[in-house]
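> Build me a model:
(one chain, ligands or ions: 2)
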Amino acid sequence: MILRISGLAKHYGTMPVFKNVHLDVKPGEFVAIVGESGVGKSTLLNCMAGLDNWDSGTVELAGQNLGTLSDDGRALLRRESVGFVFQAFHVLPHLDVAQNVALPLLLLGRHAPDRVSAMLQAVGLGDLGARLPQQLSGGQLQRVAIARALVHQPALILADEPTGNLDPGTAAKVMEALVHQSRKHGSALVLVTHSLAATEQANRVLHLRSEGMTDARG
Ligand SMILES: Nc1ncnc2c1ncn2[C@@H]1O[C@H](COP(=O)(O)OP(=O)(O)O)[C@@H](O)[C@H]1O
Ligand SMILES: [Mg+2]
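Ligands and ions are numbered 1, 2, ... in the order given. I've put the predicted structure just below:
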């Protein structure tokens, strides 16, 4: 398993967010997570990456128990094994498109300009490497984020409502790029989404509720 979550529970102060969350994700698998706003989907994704802490239960990422790792240990594992795509793109405004995509490689001490161009080509941005983010549309920015999430060939992609800020036509194209590229790289994909079209392509669709996570297809 690339990801194993067992009996996970989390609250903020006295307010419970979720409990009893179990999830195993196999290498290359595509799992979609749905659920009402505020139920804790983003919090759960952050726990998967060791960006947030939980109260009980375990998270194992790429065979390592995140609960036993220091912050630095978690950061190193995340750099190596995880790619993120957020709703709000999170591209760095002062770096050009190619530099944004190269960032995960830079953090790993790898220099692979060919890999950066290949990723830009793969998401349809082959000619835009020298542009600054402010010169791009929302759909193009999210494709930059997808290229950046995959450039270092992580075993796990975490995507949090990645098409939430896009119009339906653009959203469909961006989702296609995300799913296709994850498959091509053999990366597992955990996708939080409201899009029915996106869940149709998933191997499994899970529904997060305050009392736990269940199979949404019944
Ligand atoms: N840092 C925080 N401090 C306190 N409460 C938070 C914090 N982050 C999120 N919450 C609360 O936790 C719940 C789950 O939030 P979130 O994970 O963003 O839900 P979702 O992504 O499903 O909409 C919400 O009720 C939210 O208000
Ligand atoms: Mg959210």
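> Please point out which parts of the one helix or strand residue 17 maps to sit buried.
For residue 17, the element it lies in under DSSP states H and E is strand 15-25. The neighbour-count check on strand 15-25 (16 or more other Cβ atoms under 10 Å) flags 17, 18, 19, 21, 23, 25 as buried. All C-beta atoms are positioned from the backbone trio N, CA, C, and that covers glycine.
> Kindly indicate which of these lies nearest ligand 1.
Among the buried residues of strand 15-25, residue 17 lies closest to ligand 1 (Cβ to the nearest ligand atom), at 4.8 Å.
> Quick one: residues contacting the closest one.
10, 11, 39, 40, 43, 210 (Cβ atoms under 8 Å, 6 or more residues apart in numbering).
> ok, now how distant is the third one from ligand 1?
Read that as residue 39. Noted for residue 39: a distance of 4 Å to ligand 1, by Cβ to the nearest ligand atom, to the nearest Å.
> For the residue nearest the centre of the chain, which residues are in contact?
In the chain, the centroid-proximal residue (Cα atoms, centre = their mean) is residue 158; its distance is 1.7 Å. Applying Cβ under 8 Å, 6+ apart, we find residue 158 in contact with 45, 48, 49, 82, 83, 84, 85, 190.
> So which bits of this structure are right by ligand 2?
When proximity is defined as Cβ under 5 Å from the ion, the chain approaches ligand 2 at 41, 42.
> give me the residue from the chain nearest ligand 2.
When scored by Cβ to the ion, the chain has residue 42 as its residue closest to ligand 2, at 3.2 Å.
> and that residue, what helix or strand is that in?
Counting by DSSP H and E, residue 42 is found in helix 41-48.
> now residue 146
Residue 146 is part of helix 138-150 when elements are defined by DSSP H and E.
> which residues touch that helix?
Around helix 138-150, the neighbours that count as contacts under Cβ under 8 Å, 6+ apart are 83-86, 89-91, 97, 100-101, 103-104, 116, 119-120, 122-125, 128, 133, 136, 157, 159, 162-163, 165-166, 170-171, 173-174, 177-178, 181-182, 185, 187.
> Can you give me the distance of residue 91 to ligand 1?
For residue 91, the distance to ligand 1 - Cβ to the nearest ligand atom - is 21 Å.
> circling back: who does the closest residue to the residue of the chain closest to ligand 2 other than its chain neighbours form a beta bridge with?
Leaving aside its sequence neighbours, residue 42 sits nearest to residue 160 (Cβ to Cβ, 6 or more residues apart in numbering; 5.5 Å). Going by DSSP bridges, residue 160 is paired in beta bridges with residue 192.
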